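Q: Could you look at this predicted model? Sequence included:
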Amino acid sequence: MKLLMGESLKPIGEMTVLITGASRGIGAAIAERFASVGMSVVLHYMSSHEAANEVARRCMSYGSKVLTVSADLKDKEQILRMQEKLANHGMEPDILVNNAGISHYGLLSDVTEDEWDTVMSVNLKGTFLCTQAFMGRMISQRFGRIINVSSIWGLSGASCEVVYSASKGGINAFTKALAKELAPSGVTVNAVAPGAVDTSMLGHLEADEIRMLEEEIPLGRLAQPDEISSLVYFLALPESGYITGQVISPNGGWVT
């Protein structure tokens, strides 16, 4: 049978996925979704060792092979060491989910240069460095999936979240450009840009602020992490090979 461009010889259950920022929230939900089909899962975390181990235990309960790895995504040398560790364990990813990110809330007039650099380094530079480190194998095998977790604010912008919005807008542009670059190699690149999700990233909001936020959303509620992980999983499927360069925003009708 003739393979289509970007079609894998391996079923998805025999692939390996690397999820950055997988110790909690959306990243943890994504890891469990892939583990549930028996895929080998690499859980990246920065410093939340125990939280990452707990996610690993949940993933292993599905019978999945799991590896945890710590790295500062602002540091290229640490990413290269992570790459070497995965290769040594035979767990080089067929699918890369660039999920790790940090938020920043405050007026732009109050943002320091260090704060700007930190948000951009984790959210945007980290996505660049991880993608650069792991896309080579995908190109050589002529199959791969790169899925970047962005944000609704990368599409519409948010007052008092200018730095965060700018970093996620950069990820959206990165996604669209790289998709064109890697398409001839059978590697798809897409972004998922969630709206408000019920995770610790909204921990700075009071209960009444959450209620006001929910009232702005046509569906009247926050998204659950599992709803985002299902979309990420769909984009990773071999049969999703004709979807590339897209920024898809599950946001409950908040921004259309």
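A: Yes, it's here.
Q: What count of nearby residues applies to L155?
A: 18 (other CB atoms under 10 Å). The C-beta positions use only the backbone N, C-alpha and C, and glycine is treated the same way.
Q: host element of it?
A: helix 153-156 (DSSP states H and E).
Q: Now that helix: buried residues?
A: Within helix 153-156, the residues that count as buried by 16 or more other CB atoms under 10 Å are W153, G154, L155.
Q: quick one, what contacts the closest residue to L222 other than its chain neighbours?
A: Nearest residue to L222, sequence neighbours excluded (CB to CB, 6 or more residues apart in numbering): D198, at 4.3 Å. Contacts for D198 were tallied using CB atoms under 8 Å, 6 or more residues apart in numbering; they are L222, A223, Q224, P225.
Q: List only buried entries from the residues you listed.
A: Looks like the contacts of D198 have L222, A223, P225 buried, using 16+ other CB under 10 Å.
Q: And the first one, how far from S156?
A: When distances are taken as CB to CB, to the nearest Å, L222 and S156 turn out to be 17 Å apart.
Q: and if you look at the last one?
A: For P225, the distance to S156 under the criterion CB to CB works out to 21 Å.
Q: about what we covered before: give me the subset of the buried ones among the contacts of D198 that lies in helices.
A: P225 (DSSP state H).
Q: Tell me where the stretch 1-150 of the chain has strands.
A: For the stretch 1-150 of the chain, strands defined by DSSP state E, counting those that start in this stretch occupy the ranges 16-19, 40-45, 66-70, 95-98, 144-149.
Q: how about those strands in a markdown table, adding mean pLDDT and mean neighbour count?
A: Below are these laid out as a markdown table (pLDDT from 0 to 100; neighbours: other CB atoms under 10 Å):
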| stretch | mean pLDDT | mean neighbour count |
| --- | --- | --- |
| strand 16-19 | 98 | 27 |
| strand 40-45 | 98 | 26 |
| strand 66-70 | 98 | 19 |
| strand 95-98 | 98 | 29 |
| strand 144-149 | 98 | 27 |
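Q: which secondary structure elements does the helix or strand of the chain with the lowest mean pLDDT contact?
A: The helix or strand of the chain with the poorest confidence is helix 207-216; it has a mean of 91 (mean pLDDT, DSSP states H and E). Helices and strands in packing contact with helix 207-216 are not found; criterion 3 or more CB pairs under 8 Å, 6 or more residues apart in numbering; DSSP states H and E.
Q: quick one: that helix to chain centroid distance?
A: Its chain's average C-alpha position is 26 Å from that of helix 207-216, according to CA atoms, centre = their mean, to the nearest Å.
Q: got a list of contacts for that helix?
A: A196, L202, L205, G220, R221, L222, W254.
Q: Not counting sequence-adjacent ones, nearest residue to the fourth one?
A: Just to be clear, that refers to G220. In space, G220 is closest to E214, 5.8 Å off (CB to CB, 6+ apart).
Q: all helices for this structure, in order.
A: According to DSSP H, the helices that the chain contains are 25-35, 49-60, 76-88, 113-120, 126-141, 153-156, 162-182, 207-216, 225-236.
Q: distance of A236 from D75?
A: 27 Å.
Q: okay, those two: which has more neighbours?
A: A236 (26 against 14).
Q: Okay, now the unreliable bits of the stretch 51-200 of the chain?
A: Of all residues in the stretch 51-200 of the chain, none has pLDDT under 70.
Q: Give me the distance between stretch 141-157 and the centre of its chain.
A: The answer for stretch 141-157 is 7 Å, by CA atoms, centre = their mean.
Q: again with stretch 164-184
A: Using CA atoms, centre = their mean, the offset of stretch 164-184 from its chain centre is 13 Å.
Q: Only the buried residues of that stretch, if you could.
A: 164-172, 174-176, 178-179, 182.
Q: if we can go back for a sec, most tightly packed of the helices of the chain?
A: helix 25-35 (a mean of 25; mean count of other CB atoms under 10 Å).
Q: Name the residue closest to the centre of this protein, please.
A: N99 (2.5 Å; CA atoms, centre = their mean).
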